[in-house]
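S.K.: starting from these lines, generate the structure:
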Amino acid sequence: MKAKKKYVCQQCGFESVKWMGKCPECESWNSLVEELLFEEKRAPAVYNKPRLLSEIQYSEEERIKTELEELDRVLGGGIVPGSLVLLGGDPGIGKSTLMLQMGGKLSAMGKVVLYVTGEESEKQVKLRAERLGIVEGRLYLAAENNIEVVESYVRELLPHVVILDSVQTVYLPALESPPGSISQVREVTYRLLKISKETGAAVFIVGHVTKDGSLAGPRTLEHMVDCVLYFEGERYQSYRVVRAVKNRFGSTNEIGIFEMKEAGLIEVKVPSRFLLMGRKKAAPGSAVVCTIEGTRPLLVEVQALTCPTGFNLPRRQTSGIDYNRAVLLIAVLEKKLGLNLTHEDVYINVAGGIKLSEPAVDLAVATAIVSSFKNRPVREAVIIGEVGLGGEVRSVGYVEKRVNEAVKLGFKEVIIPYDNLKDLKTGGSIEVVGVRELKEAIDLALD
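M.R.: Purely as a prediction, here's the structure:
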């Protein structure tokens with residue numbers, strides 16, 4: 001096989017035999033990327049004949065369970081054979097620990113696992129495996145950076161799962177660019193995609209995250225893989241969240257929650273209790289809301305702080321909720337409740353590092369802001385509802401799940417939109433109050 005190189009502009013598709021800093025076609029800078037052209041004698045093409053959809057057999061039992069229920073949930077119920085999964089996260093967040101734990105559990109179940117490390121030596125990985133309690137099973141370890149050698153390992157061992165840590169350290173010798181460059185990352189990923197489909201092995205590749213929070217490498221990398229997972233969390237806090245942003249085999253709304261301990265990542269079975277840990281009761285500016293992440297209800301604390309501003313333009317800062325949504329709610333409070341927030345800085349935070357995006361958290365956010373502004377604590381209740389621009393409280397979905405989660409955590413009262421009362425079948429173990437207007441809900445919620 002003979003390989004030739006060419007340089008292709010990633011903006012307009014212009015091709016050149018040599019690299020140029022500026023594309024002469026579209027005049028974009030640093031957009032020419034090295035690519036390979038292979039000249040080889042091709043065998044006669046073999047085509048797969050079209051088949052009826054009803055003739056194709058598939059069973060959910062074909063998925064490989066990792067015995068990490070939080071990870072299985074995010075993957076859509078387990079690992080799909082022949083899939084390519086990309087795991088991204090900040091340095092030091094625990095990506096390697098998660099992958100090694102997963103590999104250890106799979107190998108203990110009799111699955112063949114190949115763990116390829118490009119950043120650490122075999123002894124370093126061995127030390128981590130001993131700390132995690134991984135001592136037996138069919139877990140093969142290789143310290144290798146050449147993708148061609150990795151391919152030979154896969155075809156020789158025929159593993160069920162391949163873990164590559166990380167894709168930025170692996171290279172193809174035929175390319176002159178260094179490991180981690182756009183052309184290298186893309187070519188390595190393509191090779192892994194091809195071998196996963198040919199051998200049926202599920203391939204997990206670990207990727208770094210840039211300063212702006214996106215995966216390092218070309219954006220096309222996310223389109224090449226079957227599933228993209230992000231491993232999130234504060235480096236100096238114990239909780240970790242696995243979130244799917246793309247999944248061809250399941251929902252992208254599911255999250256998995258882990259706690260980092262000395263012995264590795266521990267699954268959080270009751271995440272609501274974990275997220276409310278350390279909450280100060282009867283504190284102004286604090287409200288509890290139940291949000292839905294995929295199919296799971298989560299109780300989360302929303303915090304707000306208002307204080308007089310020293311500038312002509314008051315400051316609005318949010319963490320965990322959309323900034324524009326917060327500004328909209330502040331405008332509704334000023335218009336419909338007559339609150340003078342034009343001279344107040346407003347800070348909003350979602351405790352636990354969870355990001356809330358659904359409108360059902362509006363009422364809790366508005367309640368927390370008013371509570372801080374008036375310095376009056378919120379009643380020990382779960383507050384759920386969407387707030388409209390007219391000050392009305394609109395209905396939300398999955399209200400039965402939300403109320404049941406509040407019951408499990410020991411809450412005695414929940415405030416929901418009035419229109420959702422007809423959908424509720426919960427018994428008398430908790431007091432459910434329906435509200436129609438924002439002012440009505442605020443008056444009810446504040447002690």
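S.K.: tell me the contacts of K65?
M.R.: Taking Cβ atoms under 8 Å, 6 or more residues apart in numbering as the criterion, K65 is in contact with 72, 78-79, 109. In this view, the C-beta of every residue, glycine as well, is placed from N, C-alpha and C.
S.K.: same thing with A381?
M.R.: Counting by Cβ under 8 Å, 6+ apart, A381 touches 288, 411-415, 445.
S.K.: check those residues for burial and list the buried ones.
M.R.: The neighbour count (16 or more other Cβ atoms under 10 Å) marks 288, 411, 413-415, 445 as buried among the contacts of A381.
S.K.: which of these lies closest to F373?
M.R.: A445 (13.4 Å; Cβ to Cβ).
S.K.: quick check: the closest one touching A287?
M.R.: Yes - A445 lies in contact with A287 (Cβ atoms under 8 Å); the separation is 7.3 Å.
S.K.: please pick the buried ones from the contacts of K65.
M.R.: Buried subset of the contacts of K65 (neighbour count, 16+ other Cβ under 10 Å): 72, 78-79.
S.K.: go ahead and confirm A360 touches E386.
M.R.: Yes - between A360 and E386 there is a contact under Cβ under 8 Å: 5.8 Å.
S.K.: between those two, which one's more packed in?
M.R.: Neighbour tally, A360 and E386, criterion other Cβ atoms under 10 Å: the higher count belongs to A360, 26 against 16.
S.K.: assign the more buried one to helix, strand or coil.
M.R.: Following DSSP: H, G, I helix; E, B strand; the rest coil, A360 is assigned to helix.
S.K.: could you find the closest non-adjacent residue to it?
M.R.: Excluding its sequence neighbours, the residue lying closest to A360 (Cβ to Cβ, 6 or more residues apart in numbering) is V396, at 4.0 Å.
S.K.: care to break this structure down by domain?
M.R.: 2-39, 62-269, 274-445 (automatic domain parsing).
S.K.: including distance to R51, could those domains go into TSV?
M.R.: Output for the domains of the chain, formatted as TSV (distance: least, Cβ to Cβ, whole Å):
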stretch	distance to R51
domain 2-39	30
domain 62-269	17
domain 274-445	32
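S.K.: any chance of those in CSV, plus distance to L53 and mean pLDDT?
M.R.: Shown next, in CSV, are the domains of the chain (distance: least, Cβ to Cβ, whole Å; pLDDT from 0 to 100):
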stretch, distance to L53, mean pLDDT
domain 2-39, 34, 80
domain 62-269, 17, 89
domain 274-445, 27, 93
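S.K.: among the ones you listed, which is nearest S54?
M.R.: So among the domains of the chain, domain 62-269 is nearest, using Cβ to Cβ, at 17.8 Å.
S.K.: gap between the two ends of that closest one?
M.R.: The straight-line separation of the ends of domain 62-269 (Cα to Cα, to the nearest Å) is 25 Å.
S.K.: and S96, that one's in a helix?
M.R.: Yes - counting by three-state DSSP, S96 is located in a helix.
S.K.: skip the chain neighbours and tell me the closest residue to it.
M.R.: Using Cβ to Cβ, 6+ apart, the closest residue to S96 is D165 (5.5 Å).
S.K.: same deal with E25?
M.R.: Nearest-residue entry for E25: F14, 3.9 Å, with adjacent residues in sequence omitted and distances by Cβ to Cβ, 6+ apart.
S.K.: how near is that neighbour to N30?
M.R.: 13 Å (Cβ to Cβ, to the nearest Å).
S.K.: chain center to the helix or strand E334 falls within, what's the gap?
M.R.: The secondary structure element spanning E334 is helix 323-336 (assigned by DSSP states H and E). On the basis of Cα atoms, centre = their mean, to the nearest Å, helix 323-336 sits 28 Å off its chain's mean C-alpha point.
S.K.: cool, stretch 396-406 as well?
M.R.: When distances are taken as Cα atoms, centre = their mean, stretch 396-406 is centred 23 Å away from the chain's centroid.
S.K.: now do the buried residues in it.
M.R.: Buried residues in stretch 396-406 (16+ other Cβ under 10 Å): 396, 398-399, 402-406.
S.K.: show me those that map onto helices.
M.R.: Among the buried residues of stretch 396-406, the members found in helices (DSSP state H) are 399, 402-406.
S.K.: cheers, nothing more for now.
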